[in-house]
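Participant: quick one, what's the 3D model for this:
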Amino acid sequence: MKISGITVVSIAATFGSALAFAPTTSFNGAQQSTMELSMSSQSEEPTTTRLQFLQTATVATLLTTLTSATPANAAKYGSFGAGSPEVLDPKSAIVDLDVLRSEPVQGAISSLRVYLDAVKSMQTDLKGNSQADIGPTIRGKFDFVKLRADLNTANTAFDEDTQRGTDRIGRLILQDITELEVANKQKEGIARSDKRLTIMTRKLEKLAKAFSDYLAFCA
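Facilitator: Numbering: from 1, shown residues only. Here you go, the predicted structure:
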């Protein structure tokens, strides 16, 4: 199907507007992240289901495909400082040490380490058994509401520029968890294919890197 340049630009503009966000921080210990997948305000619905998130991710993938001529790729950030100028090197991050050492932030950081351990556990399970069902671990260890809250809380220790990068990592974490859960689903009696196993393995590798990269800012 041939799509005109005007149509692509129109779709891309609409999509970009829907995802636009601007971190607003006072950096005085009370700042809050404005990452796109942050908790909604009290006047809005407080949760987003995995299905809703997957539907959003699917639309994002479609629009990225339609606008593939654009060099920016919202699905990847690569190494620090490469592939996405929004993700800073942790050594360049500006961190409020008082906020970082606060009990809420330290609790969130501890939770992020638990998430990373869960990812490593699933990696071990798949290496030992290519047909392992990791669905229970995904659903049991990665509650979206709590995960977003932990990411937001940890993010309050960073300055505005740093938050742009950590927000990006947080969005990709939620997207990869959703896609991993979908890839894990298998019809009863049908063995998992090598292709599906490869997809799951790569998703887990991306998640392990993302959580490790995020935690590097908290060191």
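
Participant: for the helix or strand that contains Thr198, packing partners?
Facilitator: Using DSSP states H and E, Thr198 sits within helix 194-216. With contacts taken as 3 or more Cβ pairs under 8 Å, 6 or more residues apart in numbering; DSSP states H and E, helix 194-216 sits against helix 103-128, helix 160-184. Bear in mind the C-beta positions are built from the backbone N, C-alpha and C, glycine included.

Participant: relative to Phe144, which of those helices is closest?
Facilitator: Nearest to Phe144, of all the helices and strands packed on helix 194-216, is helix 160-184, at 6.7 Å by Cβ to Cβ.

Participant: list the buried residues in that closest one.
Facilitator: Using 16 or more other Cβ atoms under 10 Å as the test for burial, helix 160-184 gives 160, 162-184.

Participant: go on, stretch 120-135?
Facilitator: Quick answer for stretch 120-135 (16+ other Cβ under 10 Å): Met122, Gln123, Leu126, Ala132, Ile134.

Participant: that stretch spans what distance, first to last residue?
Facilitator: One end of stretch 120-135 sits 14 Å from the other (Cα to Cα, to the nearest Å).

Participant: show me the contact partners of it.
Facilitator: Outside stretch 120-135, the residues within contact range by Cβ atoms under 8 Å, 6 or more residues apart in numbering are 137-138, 180-181, 184-186, 191-192, 197, 200-201, 204-205, 208.

Participant: mind running it again at 10 Å?
Facilitator: 118-119, 137-138, 141, 180-181, 183-186, 191-194, 196-197, 200-201, 203-205, 207-208, 211 (Cβ atoms under 10 Å, 6 or more residues apart in numbering).

Participant: what's the average pLDDT for that stretch?
Facilitator: For stretch 120-135, mean pLDDT is 95.

Participant: go on, stretch 143-153?
Facilitator: For stretch 143-153, the per-residue pLDDT averages 95.

Participant: can you list the buried residues in that stretch?
Facilitator: Within stretch 143-153, the residues scored as buried using 16+ other Cβ under 10 Å are Phe144, Leu147, Arg148, Ala149, Asp150, Leu151, Asn152, Thr153.

Participant: which single one of those residues is nearest to Lys91?
Facilitator: Nearest to Lys91 among the buried residues of stretch 143-153, with distances taken as Cβ to Cβ, is Leu151, at 21.0 Å.

Participant: so which strand or helix has that closest one?
Facilitator: Assigned by DSSP H and E, Leu151 falls in helix 144-155.

Participant: now that helix - C-alpha only, CSV.
Facilitator: The C-alpha trace of helix 144-155 is given here as CSV (Å, rounded to 0.1, in the frame of the first residue of the first chain):
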residue,chain,number,x,y,z
PHE,A,144,2.4,-2.4,36.4
VAL,A,145,1.0,0.0,39.0
LYS,A,146,3.8,-0.7,41.5
LEU,A,147,6.4,-0.8,38.8
ARG,A,148,5.4,2.6,37.5
ALA,A,149,5.3,4.0,41.0
ASP,A,150,8.8,2.6,41.7
LEU,A,151,10.2,4.1,38.5
ASN,A,152,8.6,7.5,39.3
THR,A,153,9.8,7.5,42.9
ALA,A,154,13.4,6.7,42.0
ASN,A,155,13.2,9.4,39.3
